[in-house]
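**Q** Just a sequence and a predicted model for now, questions to come.
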Amino acid sequence: MSFRALYIDQRSGRDADATHTVELRTVDDDALEPAEVEVEVEVEYSALNYKDGLALAGRPGVVRRTPIIPGIDLVGRVRASADPRFAPGDRVVLNGDGLGETRDGGLAERGAVRAEPLVAVPDAFTLHQAAAIGTAGFTAMLAVLALERGGVTPSSGDVLVTGAAGGVGSVAIAVLARLGYSVTASTGRGDTEADYLRALGAAAILNRADFAEPGRPLQKARWAGAVDVVGGVTLANVLAQTSQRGVVACCGLTGGSELPTTVMPFILRGVTLAGIDSVAAPRASRVEAWDRLARDLDPRLLEAMTSTIGLADAPAAAERILAGQIRGRTVVDVHR
């Protein structure tokens with residue numbers, strides 16, 4: 001039986017020797033990789049994340065195997081399972097675990113995945129909503145859990161979310177606001193997205209330029225906690241502005257991978273920098289995050305932050321993600 005899938009073929013080299021192609025192909029079942037496959041899934045939706053944008057655009061550092069089906073999110077129903085935890089027809093979601101990097105991903109009508117990181121879609125969500133949440137929402141929830149474990153509560157003070165109009169930022173704002181936190185959103189698109197961010201629950205909006213220039217190692221304490229997807233100078237300034245025993249959850253590097261800071265926020269204010277790894281998160285963390293999303297994320301807000309495209313539209317949408325032109329989440333209907 002055949003199915004459609006996007007394939008990336010990326011060959012490294014110098015100048016003209018390097019190649020990168022993205023092609024929509026129709027392939028047979030035997031195209032699914034056999035290694036470690038425990039569950040076969042009839043995929044209904046995937047989603048586009050910043051990492052997918054990098055892979056589809058041919059940027060280095062994401063694709064580790066070629067050719068490969070991209071897509072770090074996979075949502076659908078079980079076709080067959082060698083693991084007793086899953087049965088045919090079960091609704092499932094997988095985020096990360098090497099999808100689209102070292103293993104074939106979700107931008108296809110069929111998938112074959114490991115059972116351990118696979119999670120049942122909570123009854124609170126449709127499959128489309130689970131894809132709208134995707135890795136971005138899963139990561140946002142892991143960041144919220146890190147703030148909670150660090151002792152940050154709604155009474156602790158204001159919480160900052162950078163990259164607020166993107167996928168992680170949108171879900172983080174919605175969840176934090178519903179939990180009672182006072183959320184400040186940092187974005188470079190305040191002129192067009194202010195109403196959107198306030199509808200998600202942001203109490204205040206700042207221009208990302210406020211964090212873009214190097215600042216003093218310790219600045220006026222403003223944030224009890226933060227969810228940062230930017231990294232670089234922005235993260236250094238956020239750390240310098242974090243209050244005593246505050247927590248900053250770091251889960252992205254859209255502004256750079258370097259961290260030009262000092263130890264002063266850590267040893268003088270006891271600030272915690274919590275790294276969020278959604279790719280290799282253990283099963284218990286995945287189940288906890290999705291259970292909390294079912295409880296703490298209003299599904300009605302997903303509609304406002306989500307657009308849906310077809311499988312062939314993914315490469316063009318990836319370019320817009322990298323250019324910062326897409327609001328919230330982009331779901332890919334793989335049968336469209």
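**A** Yes, it's here. Residues are numbered from 1 along each chain as shown.

**Q** per the record, what domains does this structure have?
**A** Using automatic domain parsing, the domain parsing of the chain gives 2-121+305-333, 135-275.

**Q** Export these as JSON lines, with columns for mean neighbour count.
**A** C-beta coordinates here come from the backbone N, C-alpha and C atoms, glycine included. Output for the domains of the chain, formatted as JSON lines (neighbours: other Cβ atoms under 10 Å):
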{"stretch": "domain 2-121+305-333", "mean neighbour count": "19"}
{"stretch": "domain 135-275", "mean neighbour count": "21"}
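
**Q** just so I know, which of those domains lies nearest Leu297?
**A** Each of those has some distance to Leu297 by Cβ to Cβ; the shortest is domain 135-275, at 5.4 Å.

**Q** and the closest one, how far apart are its ends?
**A** 15 Å (Cα to Cα, to the nearest Å).

**Q** Same check on stretch 80-90?
**A** 10 Å.

**Q** Quick one: mean pLDDT for that stretch?
**A** Stretch 80-90 carries an average pLDDT of 97.

**Q** Stretch 248-266 now?
**A** 95.

**Q** Outside of that stretch itself, list whatever touches it.
**A** 50, 139-140, 142-144, 146-147, 163, 166, 168, 212, 214, 217-218, 223, 225-236, 238-240, 242, 271-276, 278 (Cβ atoms under 8 Å, 6 or more residues apart in numbering).

**Q** Filter those residues down to just the ones in strands.
**A** Secondary structure from DSSP state E places Trp223, Gly225, Ala226, Val227, Asp228, Thr242, Thr272, Leu273, Ala274, Gly275 of these in strands.

**Q** counting residues per helix, which one in the protein is longest?
**A** helix 127-149 (DSSP state H).

**Q** Output the contacting helices and strands for the strand or helix carrying Phe3.
**A** Taking DSSP states H and E as the definition, Phe3 sits inside strand 2-11. Applying 3 or more Cβ pairs under 8 Å, 6 or more residues apart in numbering; DSSP states H and E, one finds that strand 2-11 makes contact with strand 19-28, helix 50-56.

**Q** For Val78, list the residues it contacts.
**A** Val39, Glu40, Val41, Glu42, Phe86, Ala87, Pro88, Gly89, Asp90, Val92.

**Q** Which residue is the nearest non-sequential neighbour of the last one?
**A** In space, Val92 comes closest to Leu118 once its chain neighbours are excluded; the distance is 5.3 Å by Cβ to Cβ, 6 or more residues apart in numbering.

**Q** pretty sure the one you found contacts Val39?
**A** Yes: assessed by Cβ atoms under 8 Å, Leu118 is found in contact with Val39 at 5.9 Å.

**Q** what residues do those two have in common as contacts?
**A** In contact with both Leu118 and Val39: Phe86, Val92, using Cβ under 8 Å, 6+ apart.

**Q** Give the helix, strand or coil label for the nearest residue to Gly225 once chain neighbours are set aside.
**A** Ranked by Cβ to Cβ, 6+ apart and with sequence neighbours excluded, the top spatial neighbour of Gly225 is Val152, at 3.9 Å. Using DSSP: H, G, I helix; E, B strand; the rest coil, the structure places Val152 in coil.

**Q** gap between Val152 and Asp296?
**A** Distance of Val152 to Asp296, computed by Cβ to Cβ, to the nearest Å: 15 Å.

**Q** cool, Ser182 as well?
**A** Taken as Cβ to Cβ, the span from Ser182 to Asp296 is 16 Å.

**Q** same deal with Val39?
**A** 27 Å.

**Q** try Leu94
**A** In terms of Cβ to Cβ, Leu94 sits 21 Å off from Asp296.

**Q** ok, now Gln129?
**A** 14 Å.

**Q** and the two? which has more neighbours close in?
**A** Neighbour tally, Gln129 and Asp296, criterion other Cβ atoms under 10 Å: the higher count belongs to Gln129, 22 against 14.

**Q** ok, now which ones touch that one?
**A** Here Gln129 is in contact with Pro299, Leu302 (Cβ under 8 Å, 6+ apart).

**Q** Equivalent analysis for Ala164, please.
**A** So Ala164 contacts Ser170, Ile173, Ala185, Ser186, Thr187, Glu193, Leu197, Ala202, Ile205 (Cβ under 8 Å, 6+ apart).

**Q** Would you check that the fifth one makes contact with Leu197?
**A** Yes: under the criterion of Cβ under 8 Å, Thr187 is in contact with Leu197, at a separation of 6.8 Å.

**Q** Overlap in contacts, the two.
**A** Ala164, Ala165, Ile205.

**Q** What ranges does the stretch 151-300 of the chain have for its helices?
**A** 167-178, 190-200, 232-240, 264-268, 283-296, 299-304 (DSSP state H, counting those that start in this stretch).

**Q** Thank you, goodbye.
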